[in-house]
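Trainee: Fold the stuff below for me.
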Amino acid sequence: MTQFHYEITEDVPGLFGTRINEHLTQEGLLLLSGGHTIMELLEPLKESLSARNGDPLAIGQVDERLVPADDDRSNWLHISNGLEGLDYMKLPMIQCHTPTEKQLLSDCDSPDTATRDARTALAKGYAKRYEFLLSEYQPWSVVHLGLGSDGHTASLFPNSEALGNCHTLVTANRDPSNTNPIERITLTFPALNRFAFRIIVATGPEKAAIVERAINGDGLPIHSLDRTNTLLLLDPAAASGLTT
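Mentor: The predicted structure is shown next:
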């Protein structure tokens, strides 16, 4: 089986911005993942994208927690703040329009059964809306992904229902292990594999073991990605388990 292509660099944020800009086409669509790593990547990405000479650009999300937009756990809150000042079409996964939605989004910590069911229905509605929204944008140029210590990418967790979803491009999902307890909205693998270029970022020594499994092993969620035109971008610590 073909391995993921990877690059090792001391300057992951700088090379991240460069590689994305190299693969973005005119009127391109760029989707970004959440997680702590994205915080280090946004400033150099903004600098790189600012050099596009006014080419239209739409930026959206790979996945999102079902939380209010001003909640610190919101991926979009950090993405939009990090790209403040950049001229682009904003495509957040969650847009709250009614008081009922706002209340359901706020009830994200230990909801009762009825609230949990209502939140699941809300997540499914947001997923359907986002799939329709993304269909308006072509081409699907670049998608940024992370790599969890359990091998998940986007919010496609091991043993979760969304792993087998081949019929929709965006779906609601949960982490069966409850390590990530809040409901998610996420692109599916058929959607991720539609992009012309995929860039996966992993940094730090805590990622060394899962990086080695991702490149040399099989059976992880991330192995459902098409290896063609997919780059794993690593710092030396994350790559320390690899042999050259």
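
Trainee: Quick check: closest non-adjacent residue to L15.
Mentor: Using CB to CB, 6 or more residues apart in numbering and skipping the chain neighbours, the partner closest in space to L15 is T9 (4.9 Å). Every C-beta, even on glycine, is put in place using the N, C-alpha and C of the backbone.

Trainee: Could you tell me how many residues sit around the one you found?
Mentor: By the measure other CB atoms under 10 Å, the count of residues near T9 is 15.

Trainee: try H223
Mentor: H223: 16 neighbours (other CB under 10 Å).

Trainee: State the distance from it to D150.
Mentor: 13 Å (CB to CB, to the nearest Å).

Trainee: same question, E136
Mentor: Distance check for E136 against D150: by CB to CB, it reads 33 Å.

Trainee: ditto for G14
Mentor: Where D150 is concerned, G14 sits at a distance of 28 Å (CB to CB).

Trainee: Tell me the confidence at M1?
Mentor: Per-residue pLDDT puts M1 at 60.

Trainee: Ok, E40 next?
Mentor: We have a pLDDT of 92 for E40.

Trainee: and what of the one 5 residues further on?
Mentor: L45 is assigned a predicted lDDT (pLDDT) of 95.

Trainee: and it, how many neighbours?
Mentor: As a measure of burial, L45 has 26 neighbours, counting by other CB under 10 Å.

Trainee: helix or strand for it, which one?
Mentor: helix 38-49 (DSSP states H and E).

Trainee: Parallel or antiparallel, list what pairs with the helix or strand following that helix.
Mentor: Following helix 38-49 in sequence order, the next helix or strand is strand 57-61 (DSSP H and E). The strands beside strand 57-61 in its sheet (DSSP bridges) come out as strand 28-32 (parallel), strand 89-91 (parallel).

Trainee: Next one: the residue nearest to the spatial centre of the chain from V142, what distance?
Mentor: What sits nearest the mean C-alpha location of the chain, by CA atoms, centre = their mean, is S33, with 2.5 Å. Taking CB to CB as the measure, S33 falls 12 Å from V142.
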